[in-house]
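Asker: Attaching a predicted model along with its sequence, questions to come.
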Amino acid sequence: MKDGMRNFFAGLAVASFGVFSAIAIASSADGTNLHWWEPGSGKVLPEFAVYPDLAGHIGILNADGPVDTEGHPFFEPLGPNGRACVSCHQPADGMSLSLRSIKQRWRETEGTDPIFAMIDGANCPNLPKGNPASHSLLLQRGLFRVGIPWPPRDAAGNAIEPEFDIEVVRDPAGCNTDPVYGLNSSSPTISVYRRPRVVANMGYVVHQKFGVSPFVGKTGEPALRDPDTGKPLNMNMMADARAVTLKTQMKDAAHSHLEWDRLTPEQMARIEAFERQIYAAQVDMGPGGSLIEPDGPPGLGPYNLRDGDAGVLGNNITRWVIPMGDAWQEPKPTETAEVRAMRESILRGQKIFHFRTFWIRDSMHLNTVGLGNPTKRTCSTCHGMHMTGLDTVNGWMDIGTTNLPWAKEAPRNPWQTEDELMPLFKITCSRSAHPHPYLGRVFYTQDPGRALISGKCNDVGTIVMQQFRGLAARAPYFSNGSAQNMRELIDFYDRRYNIQFSEQEKTDLGNFLDAL
């Protein structure tokens, strides 16, 4: 049955692309989003659903069959603000939330949709409700406020003495200096602003196989353990690794985003079962044709994700990170010139991802783990997990997305009027701690990342990487939304590591990533 459905949709993606085009046009012609899942709508999420995105269409596969969302705790509003888990993990956005959808919901609801709840959908809860300026970080970068108590606490609730002092240098949102919500309030809190993570392909995200040990691979510290099983965890689920199991993550999300602290064991079990059985990946590249033909590349599409092995280190010889096989090596009789050109570009992009070397330097928890500084590597060095491009080793790293001098900042010159949206913090490492090996004892960051949880100077700005599936459905990219599209993501790496990609390489790598 499932293979028959796969063949049916594979054929539909090629032979009836005009139908998909009509769906995409209908979803925008009158300004109405036909694919938005309202909390409590009670609709059925089919076994296989297809939604238009920026590169073609994304497919959402429910491995255990259709999901009746009536009364389902992932889809029902549980707390007082009207949100459900699905509010920020939309099927049409690859089980995340795209900036495109956020802007459309603002237009359609005039800012009343639950995603704009003041608790975190506004730059700060104290701002005027319904004013677009109060939600500028969400409307311009797709970022939600995350309030982190300061100083950090360990698993037992004991305060951790941080290795650094933190000072608010810039606070355009007004929350970090607010007397109620800020760093000097009665409940000291640091507000950072981050993108929603993907809730799909979770077997890969929470695996306990290669690279997972009693110690964190990048830092040597003890890994956290599953409170139910006692096994060490990979700690790669959230941007700062503050929640390490699906259960602890959903409790954290319910408290922070739904304003609800009464999830029942039955509700948590149903949410976890749903999260473990849903897969998201691109199914076609628009005019470039289907990615899920039965004899297509073995690394593409949600069906291959469902059948793949989690927690396996990919390589460039026998088990590629994203395997393409021989399916597209020669033209097929049914291929148009347009389809062939796109497939050849994707194949070239895959080789760039696996083989194009460049010098990686001055990246915390990357150049510090015995590889050398600099080290000549490829994209697949860090994005190495088979089928997803996740990191197989537990931990977090800093490539410069939030730490200056590499973080995106509004240019300072007489010819521009753009105001910087992000907060800026001054970090001063204490004399009793080792200075940051690449940034010194005093430096600046938009988001201290893992350091807000660990209190360690060397963790400032380190972020847990995301998976590389469904990318075309969920722009912008990076935890702080600083890459608005795929080209900006590639350009960031090109500048950061002086890769010197050619224009053709950038196009091909972008097409490969969009095909995931």
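Answerer: Looks like it came in fine.

Asker: so what's residue 358 closest to, chain neighbours aside?
Answerer: Among residues not flanking residue 358 along the chain, residue 499 sits closest, at 4.2 Å (C-beta to C-beta, 6 or more residues apart in numbering). To be clear about C-beta, it is placed using only N, CA and C from the backbone, and glycine gets the same treatment.

Asker: How much space separates that neighbour from residue 485?
Answerer: Shown here: residue 499 relative to residue 485, a distance of 18 Å by C-beta to C-beta, to the nearest Å.

Asker: cool, and residue 86?
Answerer: 25 Å.

Asker: Neighbour count for the two, which is higher?
Answerer: residue 86 (25 against 15; other C-beta atoms under 10 Å).

Asker: Tell me which helix or strand comes right after the strand or helix carrying that one.
Answerer: Counting by DSSP states H and E, the element that carries residue 86 is helix 85-88. Downstream of helix 85-88, the next assigned helix or strand under DSSP H and E is helix 99-109.

Asker: where does residue 359 land in three-state SS?
Answerer: When classified by DSSP: H, G, I helix; E, B strand; the rest coil, residue 359 comes out as strand.

Asker: What is the neighbour count of it?
Answerer: Around residue 359 there are 12 residues (other C-beta under 10 Å).

Asker: wait, residue 120 sits on residue 258?
Answerer: No - using C-beta atoms under 8 Å, residue 120 is not in contact with residue 258; the gap is 10.2 Å.

Asker: Break down this structure into its helices, ranges please.
Answerer: Assigned helices in the chain, in chain order: 2-15, 17-29, 85-88, 99-109, 136-141, 202-205, 246-257, 265-277, 302-307, 337-355, 379-382, 451-454, 486-496, 503-514 (criterion: DSSP state H).

Asker: weakest of those helices in terms of mean pLDDT?
Answerer: Sorting the helices of the chain by mean pLDDT places helix 17-29 lowest, at a mean of 36.

Asker: Could you tell me which residues make contact with residue 421?
Answerer: 136-137, 140-141, 172-173, 410 (C-beta atoms under 8 Å, 6 or more residues apart in numbering).

Asker: ditto for residue 325
Answerer: Here residue 325 is in contact with 297-299 (C-beta under 8 Å, 6+ apart).

Asker: Considering these, which is situated nearest to residue 332?
Answerer: residue 297 (12.8 Å; C-beta to C-beta).

Asker: Take the helices of the chain and lay them out in TSV including distance to residue 316.
Answerer: As requested, these are exported to TSV (distance: least, C-beta to C-beta, whole Å):
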stretch	distance to residue 316
helix 2-15	28
helix 17-29	33
helix 85-88	36
helix 99-109	34
helix 136-141	34
helix 202-205	19
helix 246-257	32
helix 265-277	30
helix 302-307	19
helix 337-355	5
helix 379-382	7
helix 451-454	33
helix 486-496	19
helix 503-514	14
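
Asker: Tell me which of these sits nearest to residue 153.
Answerer: Per C-beta to C-beta, nearest to residue 153 of the helices of the chain: helix 451-454, 9.0 Å.

Asker: Who does residue 146 form a beta bridge with?
Answerer: Taking DSSP bridges as the rule, residue 146 bridges to residue 192.

Asker: And for it, the neighbour number?
Answerer: That count, for residue 146 with other C-beta under 10 Å as the rule, works out to 22.

Asker: Tell me the confidence at it?
Answerer: 98.

Asker: again, but for the one 5 residues further on
Answerer: Residue 151 carries a pLDDT score of 96 in this model.

Asker: Would you tell me which one of the contacts of residue 325 comes nearest to residue 93?
Answerer: The closest of the contacts of residue 325, once distances to residue 93 are taken by C-beta to C-beta, is residue 299, at 21.9 Å.

Asker: Least confident secondary structure element in the protein?
Answerer: Scoring the helices and strands of the chain by mean pLDDT, DSSP states H and E places helix 17-29 at the bottom, with a mean of 36.

Asker: neighbours around the nearest residue to residue 110 once chain neighbours are set aside, how many?
Answerer: Once flanking residues are discounted, residue 110 sits nearest to residue 130: 7.4 Å by C-beta to C-beta, 6+ apart. For residue 130, the neighbour count with other C-beta under 10 Å is 13.

Asker: which residues touch residue 130?
Answerer: 110-112.

Asker: still on that earlier bit, list of residues touching the helix holding residue 86?
Answerer: Against helix 85-88 from outside (C-beta under 8 Å, 6+ apart): 37, 39, 69, 73-75, 96-97, 113-115, 144, 196, 199, 250, 253, 257-258, 271.

Asker: at 6 Å what do you get?
Answerer: Identification of contacts with helix 85-88 by C-beta atoms under 6 Å, 6 or more residues apart in numbering yields 37, 39, 74-75, 97, 114-115, 196.

Asker: now stretch 40-54
Answerer: 5, 9, 24, 35, 57-62, 65-70, 76-77, 91-92, 472-473.

Asker: so how far is that stretch from its chain's centroid?
Answerer: Centroid separation between stretch 40-54 and its chain, computed with C-alpha atoms, centre = their mean, to the nearest Å, is 20 Å.

Asker: buried stuff in it?
Answerer: Buried residues in stretch 40-54, counted by 16 or more other C-beta atoms under 10 Å: 40, 45, 47-54.

Asker: next one: stretch 246-263
Answerer: Neighbour-count burial for stretch 246-263 [16+ other C-beta under 10 Å]: 246-251, 253-254, 256-258, 260, 263.

Asker: want to try JSON lines for those, with distance to residue 396 as columns?
Answerer: Below are those laid out as JSON lines (distance: C-beta to C-beta, whole Å):
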{"residue": "246", "distance to residue 396": "19"}
{"residue": "247", "distance to residue 396": "21"}
{"residue": "248", "distance to residue 396": "17"}
{"residue": "249", "distance to residue 396": "16"}
{"residue": "250", "distance to residue 396": "21"}
{"residue": "251", "distance to residue 396": "21"}
{"residue": "253", "distance to residue 396": "19"}
{"residue": "254", "distance to residue 396": "24"}
{"residue": "256", "distance to residue 396": "20"}
{"residue": "257", "distance to residue 396": "22"}
{"residue": "258", "distance to residue 396": "26"}
{"residue": "260", "distance to residue 396": "28"}
{"residue": "263", "distance to residue 396": "27"}
